[in-house]
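Enquirer: Got a sequence here, can you model it:
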Amino acid sequence: MIDTEVLVVGGGLAGLGAAHYLTHRGRTVHVLERSSGPGGTWRENTYPGCECDIHPALYSYSFTRLPSWISGQADHHQILRHSRLLADRIHRTARVDYDTEVTACRWNDTDARWYVHTRTGALHRARFLLLATGALNVPRIPRFAAPSPVRSCTPPAGTTTST
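Expert: Down below sits the predicted model:
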């Protein structure tokens, strides 16, 4: 069993930012991320034109701001680079496990701890559990009803059609 004070589930900007904040306030933090690297939504979404719709200064942490963001626009690659810089800082103060998918979380009243199971079979125990799993990292493909069959129509008698 792996014990920690704070267990953060999610290695995107929110999870890494929380880990940074908490470790700098004396907390012991362990981050679990199901992907092979940091970035969360910005790592998973790679479609053409993917970018942030607000100024990067409002969508970044002051301690890892990129100089190239002066332009006022941040695309997918810049935000992912920002996430990697943040992860590099976090790795100095907190433990981060990639390729680790959480499968269950259970609160135990007896010892006032969270028990968190992973797909690899590891069991984590934490005083605090912070879920930063994001909402936009799993694509949702809309399902449309099948189109109605095209019906051929016969023009009324006596009319002509041009082709």
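
Enquirer: Based on its surroundings, how many neighbours for P56?
Expert: 21 (other C-beta atoms under 10 Å). (C-beta placed from N, C-alpha, C; glycine too.)

Enquirer: What pLDDT is listed against it?
Expert: For P56, the model assigns a pLDDT of 77.

Enquirer: thinking it is in contact with G72, fair?
Expert: Yes. With contact defined as C-beta atoms under 8 Å, P56 counts as touching G72 (7.1 Å).

Enquirer: helix or strand right after the worst-scoring helix or strand of the chain on mean pLDDT?
Expert: Sorting the helices and strands of the chain by mean pLDDT, DSSP states H and E puts helix 41-44 at the bottom, at a mean of 81. Per DSSP states H and E, the first helix or strand lying C-terminal to helix 41-44 is helix 76-93.

Enquirer: In this protein, where is pLDDT below threshold?
Expert: Judged by pLDDT under 70, the chain has its weakly predicted residues at 65-71, 137, 148, 150-156, 158-163.

Enquirer: same thing but at 50, please
Expert: Applying pLDDT under 50 to the chain flags no residue at all.

Enquirer: what residues are up against the most centrally placed residue in it?
Expert: In the chain, the residue lying closest to the centroid (C-alpha atoms, centre = their mean) is G40, at 2.8 Å. G40 makes contact with G10, G11, G12, L13, A14, G15, E33, S83, A132, G134, N137, according to C-beta atoms under 8 Å, 6 or more residues apart in numbering.
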